[in-house]
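> got a sequence here, can you model it:
(chains A and B)
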Number of protein chains: 2
Amino acid sequence: MARLRLTLAYDGTDFAGWQIQAAGGGRTVQGCLEEALATLCGQPVRVHGAGRTDSGVHALAQVAHADVPEHRAGLPWGKALTALLPKDVAVTEARLVAPDFHSRFDATGKEYRYTLWTRPGHVLPWRRPYVWDVGRYGTLDVAAMEACAGLFVGEHDFAAFQNAGTDVHSTVRRVWDVSRLAGTGPDETVWRFHGEGFLKQMVRNLMGALVAVGRGKATAEDVATLLAAGDRRRAPGTAPAQGLCLHAVEYGAPGVAGLPGLGDKPAEPAGSTT
Amino acid sequence: MARLRLTLAYDGTDFAGWQIQAAGGGRTVQGCLEEALATLCGQPVRVHGAGRTDSGVHALAQVAHADVPEHRAGLPWGKALTALLPKDVAVTEARLVAPDFHSRFDATGKEYRYTLWTRPGHVLPWRRPYVWDVGRYGTLDVAAMEACAGLFVGEHDFAAFQNAGTDVHSTVRRVWDVSRLAGTGPDETVWRFHGEGFLKQMVRNLMGALVAVGRGKATAEDVATLLAAGDRRRAPGTAPAQGLCLHAVEYGAPGVAGLPGLGDKPAEPAGSTT
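Below is the predicted model of the structure:
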């Protein structure tokens, strides 16, 4: 067998997440990919993804690997898979790698981006599936959000920001950066979450807490207490899935930021508006 | 009756265009709007749009007007309509205007934007409904395209760039600007078309000619000959609808460019790539 490494972009809107479901459980990215690979290989192929994105979460650069038969190894995988895959998934890179490469275990960092729609009044229709409309809450206190974001940087027990349904040995994670980038337009703000790894729905829970602080529903002190106490029941709500995008998965030396990507512009200094 | 002026943003993907169709003719923006207005007014309401966008064409700022009963004039129209309209249409501005305002006859200029996807290999899934994938054609000759674009500026008979199905008195139109803007990401190029008015599918036909020149399938001289001859049958193909967006409708002194909008960044100097 030859090991294939794939980088994938997908629109999560119509997917029940990355991970393949029990029969009748809905359309998944992993499922579509395994189906396309089976067609090309003439046999079942298991795919392993770096991150199990939730239903509705998008990806600019999810990474996955799979073993394919040697006699098919030379296929132009990127083109062949994209041709077979539905329109909401694209293979942006495909290459053969060493047989011990593992998309999940070898990952040394991940970057997520979360997009807030900050304009009051209306959301542009084509941005709806990719943003959380916080414009309806009025002007957010960005300085307070940025102060709160600083609390998340470093090695912490993020038990208060983990949703149920996971079985992890430890809820301690190392986060390198939580910061505000400029948006893709005047109406949007993008938040960057960069760390060694994240617990289930952790990024959405951190974003939910930041918005609660921006709205004045909680203070940075409340969030610090929560982080220390580790009690999810007292935490602000989870931010909706559709604003989130898995921006990059990193391999190699940990903590090295990925290359600049879409919308990766420096933010203006924090003012009173997002 | 009171005259209401509306500015509308819509995602054209799932619409059979702006204009209401005969029964069974498909879902239209005008149709959805008239339905919502009838609900709010308790009587049928006719809507007049500034531009009849084709099936699949988007709008950032279409302008329309309608007459509503005096006793309903004070409604918060923007919010009320957006609440009733489907998710792919939003009212971005609503206000009462003088009873002689006419969205189409009073318009003194229109700006369209056309987005090309110029990266070879793959289109990001969420950009598919908003771009024309010309990355598959390889690198376009941008300098040749810009030279060709210059031919369209000024007052010309655009008969060669009009599609069938219209009944206009004259095919002469005044175009103020056809130019390349920076895209919304590293993989896209946006072309701006600004003029007094455009014939049916004229912008898509101009874009089709520009891409043909960029691909080396035609020269700027061919296009000049075509423009002079006025023969549509010899013209390059029409660019697909989904890359096009009605960016602004202008009123007042003609030729004054609209305010900077989404993605309105200055283009870098023309190089060998788009």
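
> mind checking which helix or strand the nearest residue to A:E196 once chain neighbours are set aside is in?
Nearest residue to A:E196, sequence neighbours excluded (Cβ to Cβ, 6 or more residues apart in numbering or on different chains): A:R174, at 4.2 Å. (Each C-beta comes from the backbone N, C-alpha and C, glycine too.) Here A:R174, judged by DSSP states H and E, is contained in strand A:172-182.

> report the buried residues of that strand.
Under the neighbour-count criterion of 16 or more other Cβ atoms under 10 Å in any protein chain shown, strand A:172-182 has A:173, A:175-176, A:178-181 buried.

> for A:V68, grab phi and psi.
Dihedral pair for A:V68: phi -120, psi 150, per degrees, to the nearest 10.

> sorry, back to before: hey, C-alpha coordinates of the strand holding A:R174 in CSV?
This file holds the C-alpha atoms of strand A:172-182, laid out as CSV (Å, rounded to 0.1, in the frame of the first residue of the first chain):
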residue,chain,number,x,y,z
VAL,A,172,-5.2,20.6,29.4
ARG,A,173,-4.3,22.3,26.1
ARG,A,174,-1.7,24.8,25.0
VAL,A,175,-3.0,27.8,23.1
TRP,A,176,-0.5,30.1,21.3
ASP,A,177,-2.7,32.8,20.0
VAL,A,178,-6.3,34.1,20.2
SER,A,179,-6.5,37.4,18.3
ARG,A,180,-8.6,39.5,16.1
LEU,A,181,-7.7,39.9,12.4
ALA,A,182,-9.3,42.2,10.0
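
> what pairs with it, and is each one parallel or antiparallel?
strand A:154-157 (antiparallel), strand A:188-195 (antiparallel) (DSSP bridges).

> let me see the mean pLDDT of the longest one.
Averaged over strand A:188-195, pLDDT sits at 97.

> of the buried residues of strand A:172-182, closest to B:Q30?
Of all these, B:Q30 sits closest to A:L181, with 38.4 Å by Cβ to Cβ.

> what about A:P69, how many neighbours?
For A:P69, the neighbour count with other Cβ atoms under 10 Å in any protein chain shown is 13.

> domain ranges for chain A?
A:2-97, A:107-251 (automatic domain parsing).

> tell me the residues of the stretch 101-250 of chain A that contact chain B?
A:121-126, A:128-130, A:184-186 (Cβ under 8 Å from any Cβ of the partner chain).

> same thing but 6 Å
A:122, A:124-126, A:185 (Cβ under 6 Å from any Cβ of the partner chain).

> quick check, pLDDT for the residue in chain A sticking out farthest from the centre.
Residue farthest from the centre of chain A, counting by Cα atoms, centre = their mean, is A:H71 at 34.5 Å. With respect to pLDDT, A:H71 scores 94.

> in a helix, it, correct?
Yes. Remark: A:H71 belongs to a helix, assigned using DSSP: H, G, I helix; E, B strand; the rest coil.

> distance of it relative to chain B?
25 Å (Cβ to the nearest Cβ, to the nearest Å).

> re earlier: a markdown table for the strands paired with strand A:172-182, including distance to B:D14?
Listed next are these as a markdown table, based on distance: least, Cβ to Cβ, whole Å:
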| stretch | distance to B:D14 |
| --- | --- |
| strand A:154-157 | 44 |
| strand A:188-195 | 23 |
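
> in the stretch 151-274 of chain A, which spans are helices?
Counting by DSSP state H, counting those that start in this stretch, the stretch 151-274 of chain A has helices at residues A:202-214, A:220-229.

> pick the most buried one from these.
Ranked by mean neighbour count, the helices of the stretch 151-274 of chain A are led by helix A:202-214 with a mean of 26 (mean count of other Cβ atoms under 10 Å in any protein chain shown).

> now the angle between strand A:188-195 and that helix, please.
130 degrees (axes from the mean of the first three to the mean of the last three Cα atoms, to 10 degrees).

> quick one: mean pLDDT over helix A:202-214.
Rounded mean pLDDT across helix A:202-214 is 97.

> same question, stretch A:243-252
96.

> contacts only, for the closest residue in space to A:L140 that isn't next to it in sequence.
If the residues on either side of it in the chain are set aside, A:L140 comes closest to A:G214, at 3.3 Å by Cβ to Cβ, 6+ apart. Shown in contact with A:G214 (Cβ atoms under 6 Å, 6 or more residues apart in numbering or on different chains): A:140-141, A:145.

> now with 8 Å, please.
By Cβ atoms under 8 Å, 6 or more residues apart in numbering or on different chains, A:G214 lies in contact with A:134, A:137, A:140-142, A:144-145, A:274.

> and A:G49, by the same measure?
A:G49 neighbours (Cβ under 8 Å, 6+ apart): A:18-19, A:29-30, A:62-64, A:103-104.

> and of those residues, the nearest to B:R5?
When the contacts of A:G49 are compared against B:R5 (criterion: Cβ to Cβ), the nearest one is A:V29, at 44.3 Å.

> highest neighbour count among the contacts of A:G49?
Neighbour max across these (other Cβ under 10 Å) = A:Q62, 30 neighbours.
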